[in-house]
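>>> whatever this is, show me its structure:
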Amino acid sequence: MTIGVVLAGGASTHQHVPGWLHDPSVACLVVAADSGLDLAQRLGVDVDLLVGDLDSVSASALGRARRDGVEILEYPSDKDATDLELALGIAIEELGRDHGSGRDHGSVGESNRIVVLGGAGGRLDHLLGNVALLASMSTLHGVAIEAYLGGAYVAVVDSALQPRWSATVRSGAMLSVMAWSPEAVVSESGVRWTLRSHRLRAGSTLGISNEALGGEVVVSVDEGVTLVVIPDAEVLS
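Predicted coordinates for the structure are as follows:
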């Protein structure tokens, strides 16, 4: 399985990095969205594709990418989608085919996981737009998407796609579950306040600030779409 990794820009000074990202045995297709290239170089991550209008990437990072032969897809600044949306769309497309570089990424069905790094800090409209984009792209393309937005973790859990989310979470760590669709039927275990097939409406704060008991936390969604949010991704094992 190949993991699609999309790096986005942002003003956050702290970026959580999952341990597998630097594991050479884990196959990744890495796409940088404009200044996400600066983040990639700061994290020591090799990029396969650079996407965007290139209005925010630094000249030094762009020059290095060109010298390294990174494939660049440049768009005009007058466009209808953000650089992150373009990068996500291309990552999803590329995961389904060999784009001529000798990499075999298999079918989308076999490689249906996208992980976003970055995209936090700075403007509130950008942050809200990025979270909405994760949920909409997951539902629209049938791809599981999770993100490390700076130091926070977000996963989209869709009953029609991947209805069960689980992770080992440190005891006492905070996590929240929010309905993204108008309503969602949610079960939670491994937390202080459990839910069992509870109908959670969008805008309800019932699922905010739960606490992990230590060990596996499971969130199951029988109907609708939810977001699992962990403010401090360091608590994930």
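>>> now do the end-to-end distance for stretch 70-83.
17 Å (Cα to Cα, to the nearest Å).
>>> now stretch 9-17
Start-to-end, stretch 9-17 (Cα to Cα) is 15 Å.
>>> buried residues in that stretch, which are they?
Buried residues in stretch 9-17, counting neighbours by 16 or more other Cβ atoms under 10 Å, are found at 9-10, 12, 15-16. All C-beta spots, glycine's among them, are computed from the backbone N, C-alpha and C.
>>> same check on stretch 123-138?
Buried residues in stretch 123-138, defined by neighbour count with 16+ other Cβ under 10 Å: 126-127, 130-131, 133-138.
>>> who's in contact with Val17?
By Cβ atoms under 8 Å, 6 or more residues apart in numbering, the contact list for Val17 reads 43, 117, 148.
>>> may I see the PyMOL selection of the buried members of those?
Selection of buried members from those for PyMOL, criterion 16+ other Cβ under 10 Å:
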select buried, resi 117+148
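>>> quick revisit: tell me the one of the buried residues of stretch 9-17 nearest Gln162?
His16 (21.4 Å; Cβ to Cβ).
>>> circling back: which ones among the buried residues of stretch 123-138 are found in helices?
Using DSSP state H, the subset of the buried residues of stretch 123-138 located in helices is 126-127, 130-131, 133-138.
>>> make a markdown table from the residues you listed and add distance to Glu188 to it.
Output for those, formatted as a markdown table (distance: Cβ to Cβ, whole Å):
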| residue | distance to Glu188 |
| --- | --- |
| His126 | 30 |
| Leu127 | 25 |
| Asn130 | 25 |
| Val131 | 20 |
| Leu133 | 25 |
| Leu134 | 20 |
| Ala135 | 19 |
| Ser136 | 24 |
| Met137 | 25 |
| Ser138 | 20 |
